[in-house]
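1. with the input below, show me the fold.
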Amino acid sequence: MKSIVFTGGGSAGHVTPNLALIARLKEQGWSVDYIGSADGIERGIIEEAGIRFHSISSGKLRRYFDLQNFKDPFKVMKGVADAYRIIRKLKPNAVFSKGGFVSVPVVLAGWMNRVPVLIHESDMTPGLANKLSIPFASKVCVTFPETVRRFSGGKAELTGLPIRDEMLRGNAAKGISMCDFHKQKPVLFIMGGSLGSRVINGAVRGGLERLLERFQIVHLCGKGNVDPALSGIRGYRQFEYVTTELPDLLAMADVVVSRSGSTSIFEFLYMRKPMLLVPLSKNASRGDQILNAESFRAQGYCEVLEEERMTADVLAEQVFQLYDHRSEYVDKMKDHSNQDSISSIIALIGRTARFK
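-> Coordinates of the predicted model:
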């Protein structure tokens, strides 16, 4: 039987694209195992999906000073040893990494076991974990056309980002019923990332009365960020986060406000949702979300609002303008190739894997 090991973690964006690939590979008869950290977000997601999960020791790769930086290299080395033993036992035909700090020991262990390694980079520029891993990879799948030029020797292939099939099967009527909305007013979908965004949440709530004049609002505000004082307002529904309900909520949305993590914005693109993107600033990130957002703006898929300009009034004006011109953004999105990224990546896995 053909077998493959997946890895990736630290955030949902490093896990959900793997699920899209895993579902298709299992249909084709592949045996799938997943290696991640014992206490990472990936464990719950993968085990809930019924996939065999193996935990390893892992440390965090930080760009700033922290006392943990002195301990984490030893955790990473132990993680390499853990992953090496697991891969040696499983004898997979390939290893596929979606990134995140837990993936580095797995990539190294795959390379040490002479198992072909494929890496997927969602953002325009590789994160630190992938930068460390790329020298040990046979192939690197990239999402943005601009990224291909950063690699030499034919190692990078433009595959796009694998989108879960269920994201394209959302039911708008279910979303409307879940939120107790109606069809007479458009829906604004707001998402600040898995942990929420204090900047976005504050601007939305500060301008809530004005926004509600034109929209019904679904607000994914992050864990612990629901405001009980606003729970009874008609046309405004707060959720900490959602999982299986997300496709239905997005299906009913007319426009979206979101951070610009690559997984989310490509899901919006495939669903043709005009978007106002609020990228993390360089003070809080390596600037990858800024590059993602600018690429989408250049292609006509979105508008961008910098955190530094974010106020309740500016947010409202930008959302109103986005909605008024929504058909122009949708037309641009229709021009997107919507390549079958899952099939492209699986074909690449088949060409790269080592079969005895």
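
2. domain ranges for the chain?
-> Per the record, the chain has its domains at 3-160+339-352, 168-334, by automatic domain parsing.

3. mean pLDDT lowest where, among those domains?
-> Taking the average pLDDT of each of these, the minimum falls on domain 3-160+339-352, with a mean of 88.

4. okay, buried residues for stretch 35-49 please.
-> Residues of stretch 35-49 classed as buried: Ile35, Gly36, Ser37, Gly40, Ile41, Glu42, Arg43, Ile45, Ile46 (neighbour count, 16 or more other Cβ atoms under 10 Å). Where you see a C-beta, it was placed from the backbone N, CA and C, and this is true even at glycine.

5. swap in stretch 177-192?
-> Met178, Cys179, Phe181, Val187, Leu188, Phe189, Ile190, Met191, Gly192.

6. so what sits opposite Val95 in the bridge?
-> Beta bridges link Val95 to Val5, Val117, judged by DSSP bridges.

7. quick check, it in contact with Ile119.
-> No: assessed by Cβ atoms under 8 Å, Val95 is found out of contact with Ile119, at 9.2 Å.

8. next, the buried residues of the host helix or strand of Asp331.
-> Taking DSSP states H and E as the criterion, Asp331 maps to helix 326-334. By neighbour count on 16+ other Cβ under 10 Å, the buried set for helix 326-334 is Arg326, Tyr329, Lys332, Met333.

9. any chance of these in JSON lines, plus distance to Lys75?
-> Output for these, formatted as JSON lines (distance: Cβ to Cβ, whole Å):
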{"residue": "Arg326", "distance to Lys75": "48"}
{"residue": "Tyr329", "distance to Lys75": "45"}
{"residue": "Lys332", "distance to Lys75": "45"}
{"residue": "Met333", "distance to Lys75": "43"}
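
10. output the contacting helices and strands for the top helix by length along the chain.
-> Using DSSP state H to define each element, the chain has its longest helix at helix 72-90. The contact analysis (3 or more Cβ pairs under 8 Å, 6 or more residues apart in numbering; DSSP states H and E) places helix 72-90 against strand 3-7, strand 31-37, strand 52-56, helix 103-112.

11. buried ones in the first one?
-> Going back to what we said before, that points to strand 3-7. Ile4, Val5, Phe6, Thr7.
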